[in-house]
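# 3D, please:
(one chain, ligands or ions: 1)
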Amino acid sequence: MRAGETAIGHTARLLGGAFVTLLGCATTPTHGAGPAPTAPVPRSVRFVYLVSADRPVRQDFIDAIANAAQHVQRFYARELGGPTFGLNRPVVEVARSDKPATWFYAHDSGSHKDQWGFDNGLSEAKRLVGAGYNQEFIWVIYSDGPGNSGRGGGRIAVMPEDDLLGLVGQHPTQKDPRRWVYGLSHELGHALGLAHPDDNDQVPDAVMGAGFYACFARARPACTSGLCDACELTEADRATLRASPFIREAGAVRRPATWTRLYRVAPGTR
Ligand SMILES: [Zn+2]
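Residues are numbered from 1 along each chain as shown. As a prediction, the model looks like this:
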């Protein structure tokens with residue numbers, strides 16, 4: 001678990017729909033960018049790469065987000081015996097913010113400082129691409145604003161620059177990109193309603209516990225192809241996901257025809 005993200009994960013679990021509704025009402029009036037130019041895939045997980053005004057668009061970040069999204073999609077399919085979440089087409093939506101990078105985790109959005117990054121990233125993604133609390137999509141927002149604490153809950157996850165650097169092997173201390181891929185699986189799990197396990201010691205490889213820090217470096221016994229790491233969802237996680245409207249049969253998941261179709265830049269934000 002990362003510092004600071006526990007509260008929203010657990011708040012979303014404890015309060016459920018009430019939490020989502022409350023925040024949705026609070027942020028709805030700022031809706032501004034309008035619908036995407038092409039219809040997004042219904043009930044998909046939409047990945048947004050928020051590019052600060054003083055940062056370049058990094059193609060390696062776009063590629064890394066898309067790869068991580070598809071890896072986690074496969075991981076969920078493995079753990080659920082086929083069903084998984086759907087991805088939007090393109091997988092990664094790029095949105096150019098007019099805010100500097102430091103704004104995202106330093107702008108005062110309220111009394112809970114450890115939630116500023118989440119609030120600011122969400123408010124920008126809402127303004128630029130219409131992200132928000134609703135019944136239509138799960139949103140995963142990667143910001144290049146300097147920060148070290150990803151957060152997920154209530155159908156939203158917001159990830160800081162640390163995670164982008166981690167996905168491309170440039171994090172200062174945690175060099176294995178898989179740690180950041182499974183960090184995504186953890187925060188996306190919160191966005192889908194998963195909670196932390198009651199006892200981490202009982203499930204050391206559970207990605208919703210502390211497992212995402214190291215489970216990828218261990219192998220599943222007798223696994224010879226596909227994803228053979230030891231990372232896992234608990235039975236409680238699986239039960240929650242099977243009841244989620246965002247989890248669908250694998251046959252309904254359409255893979256993009258080519259990598260070049262994975263990306264687009266939101267209109268007016270380039
Ligand atoms: Zn967590």
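
# can we go C-alpha only for contacts and neighbour counts from here?
Will do.

# tell me who's in contact with Val203.
197, 209, 211, 234 (CA atoms under 8 Å, 6 or more residues apart in numbering).

# quick check: it vs Arg242, distance?
Plainly put, Val203 is 20 Å away from Arg242 if you go by CA to CA, to the nearest Å.

# do Cys215 as well
According to CA to CA, Cys215 and Arg242 sit 23 Å apart.

# which residue of the two possesses the greater neighbour count?
Just comparing Cys215 and Arg242: by other CA atoms under 10 Å the higher neighbour count belongs to Cys215, 21 against 15.

# the more buried one against Leu233, yeah?
No - Cys215 is beyond contact range of Leu233, at 11.3 Å (criterion: CA atoms under 8 Å).

# could you tell me which residues touch both of the two?
Joint contacts of Cys215 and Leu233 (CA under 8 Å, 6+ apart) are 206-207.

# what's the longest helix in this protein?
helix 59-80 (DSSP state H).

# tell me what that one is packed against?
Packed against helix 59-80 by the contact rule (3 or more CA pairs under 8 Å, 6 or more residues apart in numbering; DSSP states H and E) you find strand 44-51, strand 84-96, helix 161-167, helix 177-191, helix 235-242.

# change it to 7 Å
The contact analysis (3 or more CA pairs under 7 Å, 6 or more residues apart in numbering; DSSP states H and E) places helix 59-80 against strand 84-96.

# using CSV, write down the CA coordinates of the helix or strand following the strand it packs on.
For strand 84-96, the succeeding helix or strand toward the C-terminus, using DSSP states H and E, is helix 103-106. Provided in CSV are the C-alpha atoms of helix 103-106 (Å, rounded to 0.1, in the frame of the first residue of the first chain):
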residue,chain,number,x,y,z
TRP,A,103,0.2,22.3,-9.6
PHE,A,104,-1.1,18.8,-9.5
TYR,A,105,0.2,17.8,-6.1
ALA,A,106,0.7,21.2,-4.6
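
# average model confidence for the helix or strand just after helix 103-106?
Moving toward the C-terminus from helix 103-106, the next helix or strand (DSSP H and E) is helix 116-129. On average, the pLDDT along helix 116-129 is 95.

# residues contacting the residue lying closest to Glu249 once chain neighbours are set aside?
Sequence neighbours aside, Pro83 is the residue nearest to Glu249 in space, at 4.2 Å (criterion: CA to CA, 6 or more residues apart in numbering). Counting by CA atoms under 7 Å, 6 or more residues apart in numbering, Pro83 touches 77, 247-250.
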